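In: Dropping a prediction and its sequence here:
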Amino acid sequence: MPVRPATAHEYIGLSDIGETSQTALDGSFPADFDVCRRHLERADTPAHERARVYCRLSEALYHKGSRDEAVECARLAFALQPADAEVANLCAWVFSNSEQHEEAGAAYESLLALRPGWAEGHRHASGSFAVAGDIERAILHGTRASDLDPTSFEFTFHAACLLESVRQHLRSVNYFVRAAALNPADAGVLRHLSAVLFTLGHNEQAVALAVRAAALAPADRLCVLHATELLLRTERLEEAAAIILPAAQLHCDDPITLRLLSATQMLRGRMEDALDAINRAIALAPQTAEYHLHQANLLYRLGRLDEAAEAFGRAAALDPSNPDPKRSQLTVYFDSGRFTEALAVGGELIRAAPDNEEYAQAVLQVLNRRLETLDGEYVVLGERTVRAPRELPSPPTILAALQTQLRVIHALIVRESRTRFGESRLGYGWALMEPVLHIVMLSLVFAVMMRGRPPIGNEFFIFYYTGIIPYQLFVHTSSAMTYAITSNLPALQLPLVSPFDLIIARGLLELVTDILVAIILLAGFGILGLAFCRTMFRH
């Protein structure tokens, strides 16, 4: 396969500017790439000669549109001669233009090993590693390029942006300041420097730079948005409005600009203008949940509660993972007197987060208000309807009050048992089994130690049973009643529940549990027989 070797000057020129001419190929190549590659592998040619042939073939294939084959040839050439400057230069160019950025970075590093002071090479390597995701190596070469050529604005700005992207703000400030000194009229540099300084807490300097950047480039959307946001954060509302209002006219089809305009007008107290801006933003980006949430808050402030509830519902539907729209919707329903809808939303919140105390308190508040309005089909006061005055209910009789008290205590007992034993597979059965097993195990231990002979009487189990059961009845009941109120404070929010009900319910639950334990043990003695127990431990 006759090939005219190219000179070093030709290789460097081709790879640096990314162009080639027809005279660079003085020969013919096989039509089939695989046939050509097998021919080179069989040929008895030194490695450096094969590497150069692969380079020329790679360049030709690249310009003919066969990028995959060009990359493969470049890989073969680089594997043969990675330390050859001509080979590494051509391979870096092919890899970079074929979006094989990690391999391009490796090729540039081979060149930099030969030319460590090559600032442009460090910049190329930094760009390749940055695109490949290796930010540490990108920063290493980017800062090195800027330090080798401190007069290059592009090198310095590139290094500063890399440092900012990994939150190395203190280091990035030095490079941004250097870039701003090289090109003071570049609004993008001033905007980046402003953002870094604001992050570091230098608010006044950051705002001044942001305003200057917006003044230098009033049509630059990013500069305008950044300046407006910083002015709003520092409560300089009129200056923010002076910047964002013309920008909203210029970028009338940008929803982010309109959203920031809405925030500015809201903070200025111009709610109708803020609502108009967010409505326009929603028309452009109807799937953005945050826009609907902002719209709902504005409607709520304007007193348009029904529309606010619908907007909160749309925000919740677009972003189901965010509970804030649902929580706000509950508040709107409550304020508008729509307690049924509020309870439905509260139920959804509690199902999603059963341990959230705030949600539980909100639902209890709704329940209390709902109970206050119950009168058959209740009427919401906000609807301004007129209803006939109702008669005052007659005071309850002693029997009715007693029945109500018993129902409350029964409900508290059920609640207590479910709270304590609901997560166990055996449920309330575990409350019975635990003391039974405790008594049986202690009885067995002492029976073995005393060889079945109690200090008083003839039957050890009867002796132990008559001592431990009354003791457990007293200890369990008194302990449960002592901590009944502190353990059930949320239940006191219910209007019918009193501290006395909590104490009685807990005490009855423990008393009934221990009585059942005593019955189970007696039944066990009756089934096995005391003679059997005595014989088992004496023999």
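Out: Done, it's in. Residues are numbered from 1 along each chain as shown.
In: Which residues are in contact with residue 124?
Out: Neighbouring residues of residue 124 by Cβ atoms under 8 Å, 6 or more residues apart in numbering: 92, 96, 104, 108. In this view, the C-beta of every residue, glycine as well, is placed from N, C-alpha and C.
In: The second one: helix or strand, and which one exactly?
Out: This points to residue 96. Taking DSSP states H and E as the definition, residue 96 sits inside helix 85-97.
In: Give me the buried stretch members for that helix, please.
Out: If you call a residue buried by 16 or more other Cβ atoms under 10 Å, then helix 85-97 has these buried ones: 85-96.
In: before we move on, back to that, ok, which pair from the contacts of residue 124 is furthest apart?
Out: Distance extremes for the contacts of residue 124: the farthest pair is 96 and 108 at 8.4 Å, using Cβ to Cβ.
In: got any residues that touch both of these two?
Out: 124, 128.
In: Work out for me the element residue 191 sits within.
Out: Using DSSP H and E, residue 191 falls within helix 187-199.
In: what do you get for residue 346?
Out: Going by DSSP H and E, residue 346 is in helix 339-352.
In: Can you tell me what sits against that helix?
Out: For helix 339-352, contacts defined as Cβ under 8 Å, 6+ apart pick out 309, 323, 326-327, 329-330, 333-334, 356, 359-360, 362-363, 366-367, 369-370, 373, 378.
In: Give me the buried entries from those.
Out: Neighbour-count burial (16+ other Cβ under 10 Å) applied to the contacts of helix 339-352 gives 309, 323, 326-327, 329-330, 333-334, 359-360, 362-363, 366-367, 370.
In: Out of these, which is nearest to residue 515?
Out: Among these, residue 360 lies closest to residue 515 (Cβ to Cβ), at 33.5 Å.
In: And the pLDDT at the closest one?
Out: pLDDT recorded at residue 360 is 82.
In: following whatever helix or strand it lives in, which helix or strand comes up?
Out: Using DSSP H and E, residue 360 sits within helix 357-373. Sequence-wise, the next helix or strand downstream of helix 357-373 (DSSP H and E) is helix 398-421.
In: average pLDDT for that following helix?
Out: Helix 398-421 comes out at a mean pLDDT of 81.
In: Pull the number of nearby residues for residue 167.
Out: A count of neighbours around residue 167, defined by other Cβ atoms under 10 Å, yields 10.
In: can you check residue 308 too?
Out: The burial count for residue 308: 25, using other Cβ under 10 Å.
In: repeat for residue 209
Out: Other residues near residue 209 number 27, with proximity taken as other Cβ under 10 Å.
In: Distance check, it against residue 464.
Out: Relative to residue 464, residue 209 is positioned 84 Å away (Cβ to Cβ, to the nearest Å).
In: Same question for residue 106.
Out: 82 Å.
In: Check residue 247 too.
Out: Residue 247 sits at a distance of 87 Å from residue 464 (criterion: Cβ to Cβ).
In: In terms of neighbours, single out the busier of those two.
Out: Comparing residue 247 with residue 464 by other Cβ under 10 Å, the one with more neighbours is residue 247, at 24 against 20.
In: what's in contact with stretch 288-296?
Out: Taking Cβ under 8 Å, 6+ apart as the rule, stretch 288-296 contacts 255, 259, 262-263, 275, 278-279, 281-282, 285, 308-309, 311-312, 314-315, 318-319, 322, 324-325, 328-329, 332.
In: on that earlier part again, and the following helix or strand past the helix holding residue 191, what does it pack against?
Out: For helix 187-199, the following helix or strand on the C-terminal side (DSSP H and E) is helix 203-216. Applying 3 or more Cβ pairs under 8 Å, 6 or more residues apart in numbering; DSSP states H and E, one finds that helix 203-216 contacts helix 187-199, helix 221-233, helix 237-250.
In: The longest one: how far from the chain's middle?
Out: Taking Cα atoms, centre = their mean, to the nearest Å, one finds helix 237-250 lying 32 Å from the centre of the chain it belongs to.
In: in the following helix or strand past that helix, what's buried?
Out: Once the chain leaves helix 237-250, the next helix or strand it forms, by DSSP H and E, is helix 255-267. Neighbour counts using 16+ other Cβ under 10 Å place 255-266 of helix 255-267 among the buried residues.
In: Who are the contact partners of residue 172?
Out: In this structure, residue 172 makes contact with 160-161, 163-164, 196, judged by Cβ under 8 Å, 6+ apart.
In: Please pick the buried ones from those residues.
Out: Buried residues within those, counting neighbours by 16+ other Cβ under 10 Å: 160-161, 163-164, 196.
In: want to throw those into CSV with secondary structure, pLDDT and distance to residue 521?
Out: Output for those, formatted as CSV (DSSP: H, G, I helix; E, B strand; the rest coil; pLDDT from 0 to 100; distance: Cβ to Cβ, whole Å):
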residue, secondary structure, pLDDT, distance to residue 521
160, helix, 94, 80
161, helix, 94, 78
163, helix, 94, 75
164, helix, 93, 74
196, helix, 94, 75
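In: of all these, which two lie farthest apart?
Out: 161 and 196 (10.3 Å).
In: And for the helix holding residue 360, what's in contact with it?
Out: Contacts to helix 357-373, defined as Cβ under 8 Å, 6+ apart, come from residues 327, 330-331, 334, 337, 339-340, 342-343, 346-347, 349-350, 353, 378-380, 490, 493-495.
In: how about low-confidence regions in the stretch 401-539 of the chain?
Out: For the stretch 401-539 of the chain, the stretches flagged by pLDDT under 70 are 421-428, 430-432, 435, 447, 450-454, 457-461, 528-539.
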